[in-house]
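Novice: Structure, please.
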Amino acid sequence: VPHRGGRGTGCCAGSICSECALQTASREGEAGGGGGPPATWFSCPCRECPAGTAQPLDGQTACAACPRGWYNEQEGQRYCLPCPPGTFSPEPGRGEACLPCAEGTYSLSTELDFRRATIKAFQGADATFDPASGTHTCAKCPAGTYQDQEGEESCKPCTPGYYCAEGAAAALPCPAGTRK
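Specialist: Sure, this is the predicted structure:
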């Protein structure tokens, strides 16, 4: 979808100008005399950044892929969004909803991952660190916890009289003669 850029600034954020063409117009018929050399300028049709990418700056010629753990389902966006809690995105450039974490896992991001995702092209992103969002992989539930549903942001504590190994999708009864 073509968009017009600002005069002299190129395309607006969320779009790019990848092809420029020299334009020429005659000055005949101008008020105050006319004639003279023709006016020339570059015309750059702006194109929206596709889903899975964004461009936070004006006047750019390329869109940036959303980093791992982030996504963007719409065209023409300035920023990508962190994957919601309970979901993940293992590869950069995700243009659809993030994938749900499997049973026995939960979403866990680190502040380092967040900083890496927001430091370069997306430095000005209006986002704050949340350990349950913006993840590129799901973590196994620690021993003593379980998760029996997909797409969750945390694990459930194991029920007394049951045991839960690391990555458990269900609490299992303790064997006869044992107790927890």
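
Novice: How about the secondary structure of Gly59?
Specialist: Counting by DSSP: H, G, I helix; E, B strand; the rest coil, the backbone at Gly59 sits in coil.

Novice: Now tell me what touches the helix or strand where Ala117 lies from outside.
Specialist: Using DSSP states H and E, Ala117 sits in helix 111-119. Contacts to helix 111-119, defined as CB atoms under 8 Å, 6 or more residues apart in numbering, come from residues 67-70, 82, 125, 127, 129, 131, 134-136. For the C-beta atoms, the positions are set from N, CA and C on the backbone; glycine is no exception.

Novice: Could you check the pLDDT of the nearest residue in space to Pro82 that is not next to it in sequence?
Specialist: Closest residue to Pro82 apart from its sequence neighbours, by CB to CB, 6 or more residues apart in numbering: Gly134 at 3.2 Å. Listed pLDDT for Gly134 reads 85.

Novice: so Gly134 touches Tyr71, yeah?
Specialist: No. Between Gly134 and Tyr71 there is no contact under CB atoms under 8 Å: 9.7 Å.

Novice: any weak-confidence spans in the chain?
Specialist: 1-10, 18-23, 27-35, 40-44, 120-127, 179-180 (pLDDT under 70).

Novice: If we ignore the residues flanking it in sequence, what's nearest Gln149?
Specialist: Glu103 (6.5 Å).

Novice: thinking the one you found is in contact with Ala169, fair?
Specialist: Yes. Between Glu103 and Ala169 there is a contact at 3.8 Å, judged by CB under 8 Å.

Novice: quick one: common contacting residues for these two?
Specialist: 147-148.

Novice: Just the element for the residue nearest to Pro82, please.
Specialist: Using DSSP H and E, Gly134 is not contained in any helix or strand.

Novice: can you offset everything so residue one is 160?
Specialist: Yep, numbering from 160; the last one is Gly293 now.

Novice: which residues are in contact with both of Gly293 and Tyr230?
Specialist: Common neighbours of Gly293 and Tyr230 (CB under 8 Å, 6+ apart) are Cys242.

Novice: Neighbour count for these two, which is higher?
Specialist: Taking neighbours as other CB atoms under 10 Å, Gly293 and Tyr230 compare with Gly293 leading, 30 against 26.

Novice: need the contact list for the residue nearest to Pro241.
Specialist: Applying CB under 8 Å, 6+ apart, the residues near Gly293 are 228-229, 241-242, 268, 272-273, 276, 286.

Novice: Over to Asp289?
Specialist: 241, 244, 268.

Novice: Now tabulate the residues you listed in TSV and tack on neighbour count and distance to Gly218.
Specialist: Below are the contacts of Asp289 laid out as TSV (neighbours: other CB atoms under 10 Å; distance: CB to CB, whole Å):
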residue	neighbour count	distance to Gly218
Pro241	28	26
Pro244	20	35
Ser268	23	32
